[in-house]
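In: structure for the following, please:
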Amino acid sequence: MGSLIRVFLIIVIVYYIFKIIGKIFVGSLMNQAKSNIRENQRQANHKKEGEVTIVTDRKNSSKRGQNDGEYVDFEEVD
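Out: Coordinates of the predicted model:
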């Protein structure tokens, strides 16, 4: 009976230790993510007014012209 209580206490202690370590670990990850977001926003806001950046995906652009399909003109029928 004493060994059963001992095992239960060990499980509870280990659970709480992992819970505390998890909070610390997740908190540090959140702080790191926040600092990364702030840095990205700083860089994005650093652009000059009126500056335009166009980002294209070169993989999809080569496929676009191969099979554009057929144009169909629709009319409304009353």
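
In: name the element the spatially most central residue of the chain belongs to?
Out: In the chain, the centroid-proximal residue (Cα atoms, centre = their mean) is A33; its distance is 9.9 Å. For A33, the element it lies in under DSSP states H and E is helix 2-45.

In: averaged pLDDT, that helix. What do you get?
Out: Across helix 2-45, the average pLDDT comes to 91.

In: centre of the chain versus it, how much separation?
Out: For helix 2-45, the separation from the chain centroid amounts to 18 Å (computed by Cα atoms, centre = their mean, to the nearest Å).

In: what is the neighbour count of N31?
Out: 10 (other Cβ atoms under 10 Å). Where you see a C-beta, it was placed from the backbone N, CA and C, and this is true even at glycine.

In: also I5?
Out: 9.

In: quick one: list the elements packing against the helix holding A33.
Out: Of the remaining helices and strands, none touches helix 2-45 by 3 or more Cβ pairs under 8 Å, 6 or more residues apart in numbering; DSSP states H and E.

In: numbering from 45 from now on, please.
Out: Yes, from this point I'll number from 45; that puts the last item at helix 46-89.

In: I'd like the distance between I64 and I57.
Out: The gap separating I64 from I57 is 11 Å, by Cβ to Cβ, to the nearest Å.

In: try G113
Out: 66 Å.

In: the two - which one has more neighbours?
Out: I57 (10 against 5).

In: so what's that one up against?
Out: By Cβ atoms under 8 Å, 6 or more residues apart in numbering, the contact list for I57 is empty.

In: where's it relative to M45, distance?
Out: 19 Å.
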